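K.L.:
Sequence and predicted model, in that order:
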Amino acid sequence: MYKKLFVIYLAAAGVLFADEICIQDGTVLKGTIRSVTEKQIEIETGFAGILRVDRAQVSGFSTDEPVFMRLVDGAVLTGKVTALEQGTVEISGSDRSLCTPMESVRQSWVGADQDPEVLARAKAVAEMAHKWKYMLAANLSGQSGNSNQRHFGGNAEAVLASKQDELKLYGSYRSGESDGRKTTDERKIGLRYTSYFSDPWGWYLRQEFEQDQFENLRLRSVTAVGLSYRVLEQKKKKMGFDAGVSYRHERYINLSPDSSNIGLDFGLQHFFGGNRRFEMNNEFSCVPSVEDFTNYQVTQDSYLDVPISNLKRWKIRLGLRNDYNSQPVGDRKSLDSRYYSSLVAKWD
């Protein structure tokens, strides 16, 4: 009997001494006020969880325990808050009390380490800090019997990024044999730097080198510079566009003369992360010649990274890459399509 009365007493005390938000239509919300900002008040209730109330609808609020209050003039006070007449609150500290209009209250928080301005500055510093991220991927496949085949590929990537800029270093290698005859021998290295001078606008510089024995390439160099625009920049969703000019120079293995041309440079980068279960990446680039728009190269690379069980660092990559050269050298085909799967390791 006494135990039941004690529980009822505690429940009643919780309601009696709970924080309150007074709505202009007369409604009173009771619970625990977590924070007050210039736009809303957040209160945790027992009947509806966390509610966020528009400040324009609030006539006043009260707290059961002392809280920190920042006024519009920058002054920070500590004390209990009591709602007075319409649109006025009283802040009662240990040494003084202050009555002030609701419009004068800029922010409120509970813990000393929860000051919104301090947290905002720390977040801004963290976003400006540069962080390295690394990726290694490798694949190996083979076949024996009617034909003997062996294919190997790998690529590496290092990215130094902050909210203001990004430096990306990358390289890849592909090799293949069929019945003892070399069928693939391709190497690529490159870098890309992007700086956002007026977010979402930025500028970029890209440099790439490629060797491909079976494309008759001793060396292909592509240099591009231009403007970048990021449509989305979220943790799980990113999208950006590039537009600029490029310079392409090619040296061939046979006696064909070197070729050079000035062109345009268009690109698209898209990233989508789905609840830690997979990550989808899409990259597209088009480099047409200014002198001859029928001379262009298009690259599309789309891949899906799926984590291996609970191992966040290790992933399986399934992808499709298409390389199109409108004017291939010799008897090479214009379109080179490749399906691939790789074992990927990512870490910071």
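P.N.:
Great, that's in hand.

K.L.:
Tell me where the stretch 1-150 of the chain has strands.
P.N.:
Assigned by DSSP state E, counting those that start in this stretch, the strands in the stretch 1-150 of the chain fall at 19-23, 28-36, 40-45, 49-54, 58-62, 67-71, 76-83, 88-92, 97-101, 105-109, 131-143, 149-161.

K.L.:
The first one - which strands sit beside it in the sheet, and in what orientation?
P.N.:
In other words, strand 19-23. strand 28-36 (antiparallel), strand 58-62 (antiparallel) (DSSP bridges).

K.L.:
quick revisit: save the strands of the stretch 1-150 of the chain as CSV, and put in distance to Gly226, mean neighbour count and mean pLDDT too.
P.N.:
For every residue, glycine as well, the C-beta is placed using N, CA and C. CSV is the format used below for the strands of the stretch 1-150 of the chain (distance: least, CB to CB, whole Å; neighbours: other CB atoms under 10 Å; pLDDT from 0 to 100):
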stretch, distance to Gly226, mean neighbour count, mean pLDDT
strand 19-23, 52, 20, 90
strand 28-36, 43, 19, 90
strand 40-45, 41, 18, 90
strand 49-54, 42, 12, 90
strand 58-62, 49, 21, 89
strand 67-71, 44, 19, 90
strand 76-83, 47, 18, 89
strand 88-92, 54, 19, 88
strand 97-101, 52, 14, 87
strand 105-109, 42, 20, 89
strand 131-143, 24, 14, 88
strand 149-161, 19, 16, 91
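
K.L.:
Between those strands, which one is closest to Gly319.
P.N.:
Evaluated over the strands of the stretch 1-150 of the chain, closeness to Gly319 peaks at strand 131-143, with 9.6 Å, by CB to CB.

K.L.:
residues in contact with Thr82?
P.N.:
Counting by CB atoms under 8 Å, 6 or more residues apart in numbering, Thr82 makes contact with 62, 89-90, 92.

K.L.:
what's the closest of those residues to Cys286?
P.N.:
Looking across these and measuring by CB to CB, the closest to Cys286 is Val89, at 60.5 Å.

K.L.:
where in the stretch 151-300 of the chain is pLDDT low?
P.N.:
Applying pLDDT under 70 to the stretch 151-300 of the chain flags the ranges 275-276.

K.L.:
so where do the helices sit in this protein?
P.N.:
2-16, 116-128 (DSSP state H).

K.L.:
Out of these, which gets the lowest mean score?
P.N.:
Ranked by mean pLDDT, the helices of the chain end with helix 2-16 in last place, scoring a mean of 39.

K.L.:
okay if I get the contacts of Thr82 as CSV plus distance to Phe214?
P.N.:
Formatted as CSV, the contacts of Thr82 follow (distance: CB to CB, whole Å):
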residue, distance to Phe214
Ser62, 77
Val89, 77
Glu90, 82
Ser92, 82
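
K.L.:
Tell me the one of these nearest Met69?
P.N.:
For these, the nearest to Met69 is Val89 (8.9 Å; CB to CB).

K.L.:
So that closest one sits against Glu103, correct?
P.N.:
No: contact criterion CB atoms under 8 Å: Val89 and Glu103 do not qualify, at 10.5 Å.

K.L.:
thinking again about what came up before, who wins for proximity to Asp113 among the strands paired with strand 19-23?
P.N.:
Among those, strand 28-36 sits nearest to Asp113 (CB to CB), with 13.1 Å.

K.L.:
Report the angle between the closest one and strand 76-83.
P.N.:
170 degrees (axes from the mean of the first three to the mean of the last three CA atoms, to 10 degrees).

K.L.:
Spit out the contact partners of the residue most central in space within the chain.
P.N.:
When CA atoms, centre = their mean is applied to the chain, the residue found nearest the centroid is Lys235 (3.5 Å). If you count contacts by CB under 8 Å, 6+ apart, Lys235 has them with Gly273.

K.L.:
Distance check, it against Glu279.
P.N.:
Applying CB to CB, to the nearest Å, the value for Lys235 to Glu279 is 11 Å.

K.L.:
Mind listing the shared neighbours of these two?
P.N.:
With CB under 8 Å, 6+ apart, Lys235 and Glu279 have common neighbours Gly273.

K.L.:
on that earlier part again, for the residue nearest to the centre of the chain, grab phi and psi.
P.N.:
Dihedral angles of Lys235 (phi, psi; degrees, to the nearest 10) stand at phi -60, psi -40.

K.L.:
one step back: let me know which of the strands paired with strand 19-23 is the nearest to Trp347.
P.N.:
strand 28-36 (35.2 Å).

K.L.:
my guess is Val28 meets Asp19, correct?
P.N.:
No: if you go by CB under 8 Å, Val28 and Asp19 don't touch, sitting 10.6 Å apart.

K.L.:
so what sits against both of these two?
P.N.:
By CB under 8 Å, 6+ apart, no residue touches both Val28 and Asp19.

K.L.:
From Leu29, how far out is the residue nearest to Ser178 when sequence neighbours are not counted?
P.N.:
Spatially, and ignoring its direct neighbours in sequence, Ser178 is nearest to Gln149 (4.9 Å; CB to CB, 6 or more residues apart in numbering). Distance, Gln149 to Leu29, by CB to CB: 70 Å.

K.L.:
Many thanks, I have nothing further to ask.
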